[in-house]
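Visitor: test case, fold it:
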Amino acid sequence: MYHQNPVFIPGPTNMPDVIRKACDIATLDHRSAAFGGIFAPAVASVKKVLATETGEVFIFPSTGTGGWEAAISNTLSPGDTVLTARFGMFSHRWIDMCQRHRLNVQVIETHWGQGAPLGQLEAALKADRDHMIKAVLATHNETATGVRSDIAGIRRALDRTNHPAMLFVDGVSSIASMEFRMDDWGVDIAVTGSQKGFMLPAGLAILGASPKALAAMDEAKLPRTFFDFRDMRKSYAAGGYPYTPAVGLLNGLKVSCDHLLAEGMESVWARHYRIAEGVRRAIAGWGLRPCAASPDLYSDTVTAVVVPEGCNGTDLVKLAAQKYDMAFGVGLGDVAGKVFRIGHLGSLTDAMMLSGLAVAEMCMADLGWKVALGSGVAAAQDYYRTSAVEPAKAAA
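Guide: Next up is the predicted model:
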């Protein structure tokens, strides 16, 4: 019965039937014109989702982690310095990857619940008079804590200090769900994956690369084979891949982008804000709070809920799965046990979200937490009722 319930993890997300079925196609020759009819429109549509006209798109059969590796291996050399902040599990993992690639990682340690520290990043850039920092790495949406960082603000810091470093952004749990403007924000490499805002199974790493990032390939000395942008560009020019692509997923990506763009990206962003705000109203109704330190940091794709003193968020997640066949996310790293996570991105409606909030409430009551049944659900209902959108724009 589990598969009849929606999931409320931060990814993989719920798949609309039309997109799931688009992935289920017969074997197709990936060197044929028929494949070109899938691949070229998918690439063109991803550029629109990323909001880039000047960048190029690369789609690897991989995940967001592979996208991170592609970003650094195509543009950097061993010993290069990169600047970043650690404020959650996924920013931590990107740091770990860079260190394994023998990069010099300048890390600004930041409290989990905060976003990228703009002032400290700008100070580090200003102090780097010899321009040793080659790239700034930013996690747009820290999935472990439900925190959004100000990417446009990081670009302003780079511009104010006249620093030539590239700006790499992990948008795995934000792109195709939250506002993202690659060109306007001066992003040099944007990394995302298929299994979140694009509402597909895991299996595609999706990147946008600026002309500046592509130019850096000429000097980059880190080894790359599978993730080599140069091989991809050469094969793309001929309408294909340097190796066997994930044809079904690419067809699903084409259909997913069709739906996102038909809804309109600003409407997609507004829908995610609206559903997320209903979740935040419910959390307040329970007498709890998000892990994100302030409202300007609230993510519109995932909320990490701080559990009451003496309680364990993992207990709620386990109970929800065992008793109610519903999935929420556990806390990770420094916030393990201290939070549980509610994913609210991708293919969701008000009614679906209310079912998740109701189950979370029942689990709290079952575990003996101090909660009044209906308190959070009622708060979300009040918000959804008074902020209703037109049905035609309700979901992709």
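
Visitor: can you give me phi and psi for the closest residue to S62 other than its chain neighbours?
Guide: Setting aside the residues directly before and after it, S62 is nearest to A205 in space (C-beta to C-beta, 6 or more residues apart in numbering), at 3.9 Å. Where C-beta positions appear, they are placed from N, C-alpha and C, glycine not excepted. Backbone dihedrals for A205, given as degrees, to the nearest 10, come out at phi -100, psi 130.

Visitor: tell me the bridge partners for A205.
Guide: A205 forms beta bridges with F60, G193, as assigned by DSSP bridges.

Visitor: buried sites along stretch 33-43?
Guide: Under the neighbour-count criterion of 16 or more other C-beta atoms under 10 Å, stretch 33-43 has 35, 38-39, 41-43 buried.

Visitor: what's the answer for stretch 25-32, then?
Guide: Taking 16+ other C-beta under 10 Å as the neighbour-count basis, stretch 25-32 is seen to contain the buried residues 28, 30.

Visitor: quick check: end-to-end length of it?
Guide: Across stretch 25-32, the straight-line distance between its terminal residues is 15 Å, by C-alpha to C-alpha, to the nearest Å.

Visitor: which residues are in contact with that stretch?
Guide: Surrounding stretch 25-32, the residues in contact under the criterion C-beta atoms under 8 Å, 6 or more residues apart in numbering are 34-35, 38, 240-241, 244-245, 247-248, 251.

Visitor: which stretches of the protein form helices?
Guide: In the chain, helices defined by DSSP state H lie at 17-23, 33-50, 64-73, 89-100, 118-127, 151-160, 211-216, 229-237, 247-263, 265-285, 313-324, 350-366, 375-386, listed in chain order.

Visitor: would you put the C-alpha positions of the fifth one in CSV?
Guide: Extracted C-alpha coordinates of helix 118-127, given in CSV (Å, rounded to 0.1, in the frame of the first residue of the first chain):
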residue,chain,number,x,y,z
LEU,A,118,28.1,37.0,2.9
GLY,A,119,30.1,39.3,5.0
GLN,A,120,32.8,36.7,5.8
LEU,A,121,32.9,35.5,2.1
GLU,A,122,33.4,39.1,1.0
ALA,A,123,36.1,39.7,3.6
ALA,A,124,38.0,36.6,2.4
LEU,A,125,37.7,37.7,-1.2
LYS,A,126,38.9,41.2,-0.3
ALA,A,127,41.9,39.8,1.6
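
Visitor: any idea of the mean pLDDT for it?
Guide: For helix 118-127, the mean per-residue pLDDT is 98.

Visitor: now do the buried residues in it.
Guide: Under the neighbour-count rule (16+ other C-beta under 10 Å), helix 118-127 has 121-122, 124-125 buried.

Visitor: and if you look at the last one?
Guide: For helix 375-386, a neighbour-count test (16+ other C-beta under 10 Å) marks 376-377, 379-381, 383-384 as buried.

Visitor: circling back: quick one: which of the buried residues of stretch 33-43 is nearest to M217?
Guide: Proximity to M217 was ranked across the buried residues of stretch 33-43 by C-beta to C-beta; first place goes to V43, at 18.6 Å.

Visitor: for that closest one, list the residues it contacts.
Guide: V43 makes contacts with 57, 59, 236, as judged by C-beta under 8 Å, 6+ apart.

Visitor: and these, which are buried?
Guide: Among the contacts of V43, those scoring as buried are 57, 59, 236 (criterion: 16+ other C-beta under 10 Å).

Visitor: I'd say Y241 and R233 touch.
Guide: No - counting by C-beta atoms under 8 Å, no contact exists between Y241 and R233, whose distance comes to 11.4 Å.

Visitor: tell me which of the two has more neighbours.
Guide: Taking Y241 and R233 together and counting by other C-beta atoms under 10 Å, Y241 has the greater number of neighbours (21 against 15).

Visitor: would you list the phi and psi of the more buried one?
Guide: Listed backbone geometry of Y241 is phi -120, psi 160, with angles given as degrees, to the nearest 10.

Visitor: which residues sit in contact with P308?
Guide: By C-beta under 8 Å, 6+ apart, P308 lies in contact with 288, 369-370.
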